[in-house]
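>>> no letters, just coordinates:
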């Protein structure tokens, strides 16, 4: 069974909302990313997205743009992120996802990527600029390799698009909380609840809510349609503050603890 | 013709590689455009503004002096530089602004490199009463102060972009981020035949007026079709607009001229078709300047309007099909052509258009006095004189040494 599916079964049994953390791989370096993932797994984070840095991240706000830039300056490429996943696979049990814009994958070769992702124990793939219309073949081939292609839905998605997406989706659906880009916001918008309600009425597949989530109060005030939340920019902001590997991992540990109670 | 297909593909190129949040806006735009495209009232209104506001049709001018310099084929210039705001860009911004008005949008955003598209957008925003925000790289703002002033004078807000390389590519990223965040009330006027479907086809259709006028004008004055068409290619909107009505005329040789910059090393040129490989940037699959890991490479050209690492997907298709030949000329070749047109015809071309003119050096020896060559003079060069002047004086300094 795919790790993402297992994880949601487990969350469902425990009646708990899952926590998915996004990290730009290679910021400040690959070793720190590795240390953070190990620390997060120890602290009970349910899944990790390893972000492949890209020169033109159009769906991302300033924090992840800056993280991408630093990782690129370190020379981090898709192959390094795949290798990192392989290394982590033997050290943590939680599902690992790769998040990448399309061009690095396209340039690497899609079938070569699927082989390598599978070899390195990747459970899911998220591509923010590959919508339903462009992803059919890639998604099908990933599925054959036992890897979920994670679809997005946004507050702007029409009912028809939601319907088509839930038919294709596996693993979970990434529900975008706002019409906007990634980055911390004070509140979860009303659009998010409307979207979650609508999608939930059409499918039983797990829903993860992302974009703009940074504080435990936001998560606690959330109603129940979302099975998991995704946090990215808030974490990368903590990485940005710098310090030793242990300091960064420790800082993130403290941040994560506020979500526990 | 009949391209693109319903998913926005020209052969294997094109498509819609955008975040889900944008998909509804693209589908809405496609639907509105389809509706307008079949509405004679829409085209009537657009042509009203083409004629009365922008000054179309632009002349097709027989460049006798320039022809005399080469003593070969007759050279004609399609004078897009005589449009209001000084370039072909207004054809597209008028078309899209009228569309945005029909879609009930209140706010217009655009990216700009040199500022020509920004000025053309700010102009139509004022004309039709839209709120207007222009994204422009910090580097370009420094290089093009005068155009920044023009945009502000026209009531637009100019937002400096400090991310990435701080040039056109990054301004486009920032405009896309704005659009994702303000999708309900905002229309994004992309400035070239690039971006996700339906933009490449839509921009082409608005620019196609260049080629259809040229076709009529050259037939009227010479009784035959041109043997060669030349246009510069950055994103490729003036070229696709110039070529489109001639695609079926196999006897007409179509040549797109890219910017070879300083040399063909990565980061020193902007020739996506002749020096790049296939990839996805800003929503479509096309040719792209990129490194071996798929990171987009910075582009360079002396002409800010050609300084872009991507190119429209229809050009990628026309390259692969062999219908259009793509070549590249260097910064210094373009500068020579810039000076040549100024001193022979009394016309100062935009540095972008000077690239098309520069290819005459290679093309003319292959022609006969019976041949006709038509060149798209996409814009006027007033905006470039400061840049050219500093470049030429720097060159003189070097020559003295």
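Okay, I see it. The model shown is predicted, which means the values in this text are computed figures rather than measured ones.
>>> could I get the pLDDT score of the residue of chain B found nearest chain A?
Nearest residue of chain B to chain A: residue B:294, at 2.9 Å (Cβ to the nearest Cβ). (Each C-beta comes from the backbone N, C-alpha and C, glycine too.) Looking at residue B:294, its pLDDT reads 98.
>>> surely it touches residue A:107?
Yes: contact criterion Cβ atoms under 8 Å: residue B:294 and residue A:107 qualify, at 2.9 Å.
>>> now list whatever residues contact both of these two.
residue B:279 (Cβ atoms under 8 Å, 6 or more residues apart in numbering or on different chains).
>>> list the buried residues for stretch B:99-115?
B:99-103, B:105, B:107-115 (16 or more other Cβ atoms under 10 Å in any protein chain shown).
>>> kindly report the residues of the stretch 151-300 of chain B close to chain A.
B:163-164, B:169-170, B:173, B:176-177, B:180-184, B:278-283, B:285, B:288, B:290, B:292-296 (Cβ under 8 Å from any Cβ of the partner chain).
>>> average pLDDT for the top strand by length along chain B?
Looking across chain B with DSSP state E, the single longest strand is strand B:253-261. Here strand B:253-261 scores 98 as its mean pLDDT.
>>> quick one: the helices in the stretch 151-261 of chain A?
Applying DSSP state H, counting those that start in this stretch to the stretch 151-261 of chain A gives helices spanning A:159-168, A:190-200, A:216-220, A:233-240, A:245-257.
>>> make CSV out of those helices and add mean neighbour count and distance to residue B:66.
Shown next, in CSV, are the helices of the stretch 151-261 of chain A (neighbours: other Cβ atoms under 10 Å in any protein chain shown; distance: least, Cβ to Cβ, whole Å):
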stretch, mean neighbour count, distance to residue B:66
helix A:159-168, 15, 54
helix A:190-200, 17, 59
helix A:216-220, 15, 66
helix A:233-240, 21, 56
helix A:245-257, 16, 64
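>>> mean pLDDT for those helices: which is lowest?
Checking each of the helices of the stretch 151-261 of chain A, the one with the poorest mean pLDDT is helix A:216-220, at a mean of 82.
>>> confidence score at the residue nearest to residue B:264 when sequence neighbours are not counted?
Leaving out its chain neighbours, the residue that sits closest to residue B:264 by Cβ to Cβ, 6 or more residues apart in numbering or on different chains is residue B:275, at 5.7 Å. pLDDT for residue B:275: 95.
>>> any idea how far chain B is from residue A:154?
4 Å (Cβ to the nearest Cβ, to the nearest Å).
>>> count of neighbours near that residue?
Residue A:154: 26 surrounding residues under other Cβ atoms under 10 Å in any protein chain shown.
>>> got a list of what it touches?
Residue A:154 touches A:175-176, A:179, A:195, B:19-21, B:23-24, counting by Cβ under 8 Å, 6+ apart.
>>> make a markdown table out of those residues and add distance to residue B:237.
Formatted as a markdown table, these follow (distance: Cβ to Cβ, whole Å):
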| residue | distance to residue B:237 |
| --- | --- |
| A:175 | 37 |
| A:176 | 32 |
| A:179 | 28 |
| A:195 | 36 |
| B:19 | 24 |
| B:20 | 27 |
| B:21 | 26 |
| B:23 | 24 |
| B:24 | 25 |
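>>> in these, which has the lowest confidence score?
residue A:179 (83).
>>> could you double-check that that one sits in contact with residue B:177?
No: taking contacts as Cβ under 8 Å, residue A:179 lies outside contact range of residue B:177: 11.4 Å.
>>> looking at those two, which one has more neighbours?
residue B:177 (24 against 21).
>>> give the contact list for that one.
Neighbours of residue B:177 in contact, by Cβ under 8 Å, 6+ apart: A:58-59, A:61, A:181.
>>> next, it: secondary structure please.
What DSSP: H, G, I helix; E, B strand; the rest coil gives for residue B:177 is helix.
>>> anything in stretch A:219-236 near chain B?
No: remark: stretch A:219-236 sits outside contact range of chain B, by Cβ under 8 Å from any Cβ, the gap being at least 13.5 Å.
>>> what helix or strand is the closest residue to chain B within the stretch 101-250 of chain A on?
Closest residue of the stretch 101-250 of chain A to chain B, Cβ to the nearest Cβ: residue A:107 (2.9 Å). Assigned by DSSP states H and E, residue A:107 belongs to helix A:102-108.
>>> so how far is that helix from its chain's centroid?
Mean C-alpha position of helix A:102-108 versus that of the full chain (Cα atoms, centre = their mean, to the nearest Å) differs by 18 Å.
>>> for it, packing partners?
Contacts defined by 3 or more Cβ pairs under 8 Å, 6 or more residues apart in numbering or on different chains; DSSP states H and E place helix A:102-108 against helix A:78-89, strand B:277-281.
>>> now the helices for the stretch 251-400 of chain B?
B:272-275, B:313-321, B:331-345, B:351-358, B:360-363, B:385-400.
>>> can you lay out those helices as CSV showing mean neighbour count?
Listed next are the helices of the stretch 251-400 of chain B as CSV, based on neighbours: other Cβ atoms under 10 Å in any protein chain shown:
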stretch, mean neighbour count
helix B:272-275, 25
helix B:313-321, 24
helix B:331-345, 20
helix B:351-358, 31
helix B:360-363, 19
helix B:385-400, 12
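>>> coming back round to it: pull the contacting residues for the residue of chain B closest to chain A.
Counting by Cβ under 8 Å, 6+ apart, residue B:294 makes contact with A:54, A:78, A:103-108, B:279.
>>> same thing but at 7 Å, please
Counting by Cβ atoms under 7 Å, 6 or more residues apart in numbering or on different chains, residue B:294 makes contact with A:103-104, A:106-108, B:279.
>>> what's the most distant pair in the residues you listed?
Maximum pairwise distance in those, criterion Cβ to Cβ, is 11.2 Å, between A:108 and B:279.
>>> who's more crowded, these two?
The neighbour comparison of residue A:108 against residue B:279 (other Cβ under 10 Å) goes to residue B:279, with 23 against 20.
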